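# I'll drop the sequence and a predicted model, then ask my questions.
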Amino acid sequence: MCEGEVTEPEYFAFVRDQLKEHLISIVALGDLGDPLSVVEEAIMRRKNASKRARQAKDENLTYDEIWCVVDVDDHARLPEAKNLAKKEGINLAVSNPCFELWALLHFQEQNAHINSIAIQRRLRSHMPGYEKSLRCDAMVGAYTLAKQRAMALEKQHERNMSKQGSNPSTDVWKLVDKILESASKARPGKSGTEIISL
């Protein structure tokens, strides 16, 4: 489930479409307003899926995992969302300050604090014509580099004894790794990097 209406669903639809076999559902919930509402919606949808599975006597109707993709932005209820997600077994992919940081990491390092407007400006220099709609094809081939940069940011915050998830940071790579792992299981003998060239 994605908080954003355009960028996040576009990216994950692109990832899904690169896979030959997939059972990935992407739901954009941009109109809910904040991460807590997204987590609450995810819980409700999981309960409804479980109910349908019981009624149909078909466990395939349940979800294996649920991930909520949210931004930090200025959401006051993010700590509540994190607590509820942890309690309910919902996975979060949080980007600080925004999802577009993940896209930017495909093109450059970003070690210093940054705001959403500056990220969008930098993305325009890498993706001519970018305007809140990613050109995912421009990011192809840089997934591993973006993941390494995101992981380096985590280590940087640890070294600086900054709070986990400080600006800049993103967990999106964890979700993409899960998707690739799932795709690898669907095609025995193939690794995620053989299946998808992100």
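Alright, I've got the coordinates.
# list the buried residues for the helix or strand harbouring Lys51?
Counting by DSSP states H and E, the element that carries Lys51 is helix 35-56. Buried residues in helix 35-56, counted by 16 or more other C-beta atoms under 10 Å: Pro35, Leu36, Ser37, Val38, Val39, Glu40, Ala42, Ile43, Arg45, Arg46. C-beta coordinates here come from the backbone N, C-alpha and C atoms, glycine included.
# for those, which one is nearest Thr7?
The shortest approach to Thr7 among the buried residues of helix 35-56 belongs to Val38, at 14.7 Å (C-beta to C-beta).
# pLDDT score for the closest one?
On pLDDT, Val38 comes in at 90.
# you'd agree it is up against Ala81?
Yes - shown here, Val38 and Ala81 form a contact pair, counting by C-beta atoms under 8 Å, at 7.1 Å.
# what do the two both touch?
Contact criterion C-beta atoms under 8 Å, 6 or more residues apart in numbering; residues shared by Val38 and Ala81: Cys68, Val70.
# show me where the protein has its helices.
All helices of the chain, identified by DSSP state H, fall at 7-18, 35-56, 78-88, 100-104, 116-126, 143-159, 172-186, 192-195.
# which residues touch the nearest residue to His113 once chain neighbours are set aside?
Closest residue to His113 apart from its sequence neighbours, by C-beta to C-beta, 6 or more residues apart in numbering: Asn167 at 4.9 Å. Contact analysis of Asn167 by C-beta under 8 Å, 6+ apart lists Val72, Asn96, Pro97, His113, Ile114.
# please repeat the previous calculation with a cut-off of 10 Å.
When contacts are counted by C-beta atoms under 10 Å, 6 or more residues apart in numbering, Asn167 touches 72, 95-98, 101, 110, 112-115, 153, 157.
# tell me the pLDDT at Lys185?
As predicted, Lys185 sits at a pLDDT of 70.
# next one: it from Lys178, what distance?
Distance, Lys185 to Lys178, using C-beta to C-beta, to the nearest Å: 11 Å.
# quick one: Asn60 and Ser50 touch, right?
No - with contact defined as C-beta atoms under 10 Å, Asn60 does not reach Ser50; the gap is 11.9 Å.
# by mean pLDDT, flag the weakest helix or strand of the protein.
helix 192-195 (a mean of 40; mean pLDDT, DSSP states H and E).
# sorry, back to before: okay, the helices of the chain, which one's buried deepest?
Highest mean neighbour count of those: helix 100-104, a mean of 26 (counted as mean count of other C-beta atoms under 10 Å).
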